[in-house]
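Novice: Provided below for reference: sequence and predicted model.
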Amino acid sequence: MTSIPATVTNTTFTKSIIPGLDSLIIVASPRALIRPLGLLRLLQLASTCAAFSLVIYVGAWMGPMGSWCLFSWCFSFAMTLIVLAVEMAGLQRSLPLSWREFPITCACYAVLFCLSSSIIYPITYVRFMSYGYIRKCAVCAIIFSCISCVAYATEVTWTHSRPGDITGYMASKTGMLKVFESFVACIIFLFLNSPHLYTQEPVLQWCLSVYIICFILTMVVILLYLGKCTKILLIPLTTFLTGMTFLCVLLYTTAIVLWPLYKFSEGFHGVPNREMDSSCNYKHAHSVCVWDRQVAVAFLTGVNLVAYAADFMYTS
């Protein structure tokens with residue numbers, strides 16, 4: 001009996017998760033692009049590409065705020081492109097990364113990046129522009145940024161709703177809080193890009209150190225999970241996570257007291273009213289005045305304190 005050789009032209013491994021969503025593990029198949037998650041990622045690529053392309057085309061991204069928004073769209077586009085390329089080529093097992101954690105981490109960061117750009121860009125940039133062709137392009141970029149934010153949020157929601165035996169750490173509440181905490185720290189650094197905001201007093205330098213230390217600790221946790229390196233710790237992982245979040249709560253508690261005290265109290269050479277800050281008396285495009293920056297840092301410090309407190313309660 002003569003055997004007939006079989007030819008395998010396409011191989012796809014999928015796992016049904018919820019109606020309308022297939023597993024993220026799709027190996028070397030162009031059909032990955034026509035599945036719900038693939039189509040969603042194509043929308044993410046198209047919207048972020050349109051946003052940064054319009055801004056670059058008309059040159060409407062000068063200054064720290066405009067640069068941040070441009071970086072946000074480019075970063076989100078690049079991460080989505082990497083995820084799609086890896087899945088199309090079937091390289092998930094070849095990378096020194098946990099593919100269960102990497103796509104959801106990228107999606108979580110992209111949601112926050114695109115959301116921040118959708119808010120920061122019109123407030124600090126577009127509203128200062130004169131009506132015309134450039135402003136129309138900038139408004140279109142904002143619309144595409146909002147679309148991409150919704151698309152990334154949809155991916156995060158889909159991934160988070162998967163059964164617990166499939167969902168990785170970064171799709172859990174504590175994992176998403178880690179992403180949020182590190183992102184808020186990045187926004188704080190954005191508003192503290194001028195050294196004179198924290199070099200006046202040693203206490204303010206301490207606040208900056210708090211933001212840096214907590215950011216590094218949080219990123220260490222994220223990288224441990226992405227690199228599948230949690231076993232290298234000399235202490236139990238739960239103990240490390242609990243101790244780290246508790247330390248961050250303590251550090252941020254000092255910052256939430258000291259930063260407003262030294263920035264807004266006249267007894268500590270602070271500026272209590274916005275009208276007293278000369279940099280806020282004029283409308284400057286592409287920038288935020290000093291007093292507004294200080295308020296933003298104080299507010300974001302409180303936001304991160306709440307996030308770390310919630311993280312500690314979930315972890316312990």
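Specialist: It's in.
Novice: For the rest of this, base every contact and every neighbour count on C-alpha atoms.
Specialist: Will do.
Novice: for this protein, which spans come out with low pLDDT?
Specialist: Judged by pLDDT under 70, the chain has its weakly predicted residues at 1-32, 161-167, 282-286.
Novice: Tell me which stretches of it form strands.
Specialist: With DSSP state E applied, the chain shows strands at 16-18, 21-22, listed in chain order.
Novice: and the nearest residue to Cys207 once chain neighbours are set aside, how far is that from Ser265?
Specialist: Of all residues not flanking Cys207 in the chain, Ala255 sits nearest, at 5.2 Å (C-alpha to C-alpha, 6 or more residues apart in numbering). Per C-alpha to C-alpha, to the nearest Å, Ala255 is found 15 Å from Ser265.
Novice: of those two, who's got more company?
Specialist: Comparing Ala255 with Ser265 by other C-alpha atoms under 10 Å, the one with more neighbours is Ala255, at 24 against 14.
Novice: Domain-wise, how is this protein divided?
Specialist: 18-169, 172-316 (automatic domain parsing).
Novice: Just say which of those is most tucked in.
Specialist: Counting by mean count of other C-alpha atoms under 10 Å, domain 18-169 has the highest mean neighbour count of the domains of the chain, with a mean of 19.
Novice: contacting residues around Ala185?
Specialist: Each residue near Ala185 by C-alpha atoms under 8 Å, 6 or more residues apart in numbering is listed here: Tyr211, Ile212, Phe215, Asn304.
Novice: coming back round to it: quick check: the residue nearest to Cys207 touching Leu300?
Specialist: No: Ala255 is beyond contact range of Leu300, at 10.8 Å (criterion: C-alpha atoms under 8 Å).
Novice: for this protein, what spans make up the helices?
Specialist: 36-58, 63-89, 102-124, 133-160, 173-191, 202-226, 237-264, 290-315 (DSSP state H).
Novice: Remind me what the first one packs against, helices and strands.
Specialist: The reference is to helix 36-58. Packing partners of helix 36-58 (3 or more C-alpha pairs under 8 Å, 6 or more residues apart in numbering; DSSP states H and E): strand 21-22, helix 63-89, helix 133-160.
Novice: relative to helix 63-89, how tilted is that helix?
Specialist: 140 degrees (axes from the mean of the first three to the mean of the last three C-alpha atoms, to 10 degrees).
Novice: Distance from helix 36-58 to the middle of the chain?
Specialist: Relative to the chain's own centre, helix 36-58 is displaced by 17 Å; criterion: C-alpha atoms, centre = their mean, to the nearest Å.
Novice: now do the fourth one
Specialist: Remark: helix 133-160 is offset 14 Å from the chain centroid, using C-alpha atoms, centre = their mean.
Novice: One more: stretch 68-88?
Specialist: Offset of stretch 68-88 from its chain centre (C-alpha atoms, centre = their mean): 12 Å.
Novice: and what of stretch 205-212?
Specialist: Here stretch 205-212 is found 20 Å from its chain centre; the criterion is C-alpha atoms, centre = their mean.
Novice: who's in contact with that stretch?
Specialist: Residues from elsewhere that reach stretch 205-212 (C-alpha under 8 Å, 6+ apart): Ala185, Ile188, Tyr198, Thr199, Leu251, Tyr252, Thr254, Ala255, Leu258, Trp259.
Novice: Identify the residues contacting the last one.
Specialist: Right, the one you point to is Trp259. Trp259 neighbours (C-alpha under 8 Å, 6+ apart): Val203, Leu204, Cys207, Ala298.
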